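In: Take this sequence and fold it.
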Amino acid sequence: MINIKSLSHLYEQGRRIKFPDWEIADMEQWLLLGSSGSGKSTLLNIISGLLKPTLGEVLINDTDLYQLTARNMDRFRGRHIGIIFQRPHLIRSLNVLDNLELAAVMAGLPIDGERNLLLLKELGIIELAKRYPDELSQGQLQRVSVARALVNKPDLLIADEPTSSLDDENAAQVIKMLTSQAKDNGAALIIATHDQRVRDHIAKTYLL
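Out: Model (predicted):
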């Protein structure tokens, strides 16, 4: 499903990172491990189509991301990749449900109101549908971010340091939520982390 081949990236200051080849099958769950500065976020951005690598290719369902035009790349990302950033990137002037609908609109897909409400219900935040981001707690914002990432039924779900600011109990809940939602929605999962607590939950690891 996902293949990374001969990938490397040259930073402006002259530092180059070479990434080992990586193959991820449908619905597989992986940890992307490495210390701070090892290139985890760079690799996530490359896999997500947000940062063009200096060399190499990224194939998702046999589509070479960096052969796409910018417009087609945005459309492909919206339809096939769900991203959960360290900080929620929600539109503050839109309520929760509107933020989910916007994700579909940006990907050129029809709005599925029934699915959106089902996602919120599964994540235990259905009562927040008409709330605005500024009215939500950090934990609620994170769940909304997961719902938004799943709206378009992506093939790949990516989470960048999702437990970095959480205590042990909440960290365990987030990992359980991500792994179960990826499985239920038929998506592969990559979690980038340096958090040792996450290792007990996912067996496959890609180390930088």
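In: For residue 80, which non-adjacent residue is closest in space?
Out: Once flanking residues are discounted, residue 80 sits nearest to residue 155: 4.9 Å by CB to CB, 6 or more residues apart in numbering. (C-beta placed from N, C-alpha, C; glycine too.)
In: Neighbours of residue 167, how many?
Out: Neighbour count of residue 167, defined by other CB atoms under 10 Å: 8.
In: got the contact list for it?
Out: Residues in contact with residue 167 (CB atoms under 8 Å, 6 or more residues apart in numbering): none are found.
In: mind checking how far it is from residue 159?
Out: Per CB to CB, to the nearest Å, residue 167 is found 18 Å from residue 159.
In: again, but for residue 24
Out: As judged by CB to CB, residue 24 and residue 159 stand 14 Å apart.
In: more neighbours, these two?
Out: Taking other CB under 10 Å, residue 24 and residue 159 do not tie; residue 159 has more neighbours (27 against 20).
In: Helices along the protein, start to end?
Out: Using DSSP state H, the helices of the chain run over 40-47, 70-80, 96-106, 113-122, 138-150, 168-184.
In: CA atoms only for the worst-scoring helix or strand of the chain on mean pLDDT - export them in CSV, please.
Out: Scoring the helices and strands of the chain by mean pLDDT, DSSP states H and E places helix 168-184 at the bottom, with a mean of 85. Output of helix 168-184 as CSV, limited to C-alpha atoms (Å, rounded to 0.1, in the frame of the first residue of the first chain):
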residue,chain,number,x,y,z
ASP,A,168,-0.2,8.2,31.7
GLU,A,169,-4.0,7.6,31.8
ASN,A,170,-4.9,10.0,29.0
ALA,A,171,-1.9,8.8,26.9
ALA,A,172,-3.2,5.2,27.1
GLN,A,173,-6.7,6.4,26.1
VAL,A,174,-5.4,8.2,23.1
ILE,A,175,-3.4,5.3,21.9
LYS,A,176,-6.3,2.9,22.3
MET,A,177,-8.5,5.4,20.5
LEU,A,178,-6.1,5.8,17.5
THR,A,179,-5.5,2.0,17.1
SER,A,180,-9.1,1.1,17.4
GLN,A,181,-10.4,3.8,15.1
ALA,A,182,-7.8,3.0,12.5
LYS,A,183,-8.8,-0.7,12.6
ASP,A,184,-12.5,0.1,12.5
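In: Just the angle for it relative to helix 138-150, thanks.
Out: Here helix 168-184 runs at an angle of 10 degrees relative to helix 138-150 (axes from the mean of the first three to the mean of the last three CA atoms, to 10 degrees).
In: Counting by contacts, list what helix 168-184 packs against.
Out: Applying 3 or more CB pairs under 8 Å, 6 or more residues apart in numbering; DSSP states H and E, one finds that helix 168-184 contacts strand 29-33, helix 138-150, strand 156-160, strand 188-193.
In: Identify each buried residue in it, please.
Out: Residues of helix 168-184 classed as buried: 171, 172, 173, 174, 175, 177, 178, 179, 181, 182 (neighbour count, 16 or more other CB atoms under 10 Å).
In: State the distance from the second one to residue 198.
Out: Which is residue 172. According to CB to CB, residue 172 and residue 198 sit 9 Å apart.
In: picking that back up, residues contacting the least confident helix or strand of the chain, please?
Out: Helix 168-184 has contacts (CB under 8 Å, 6+ apart) with 27, 29, 84, 122-123, 139, 142-143, 146, 150, 157, 159, 162-163, 166, 188-189, 191, 195, 197-198, 201-202.
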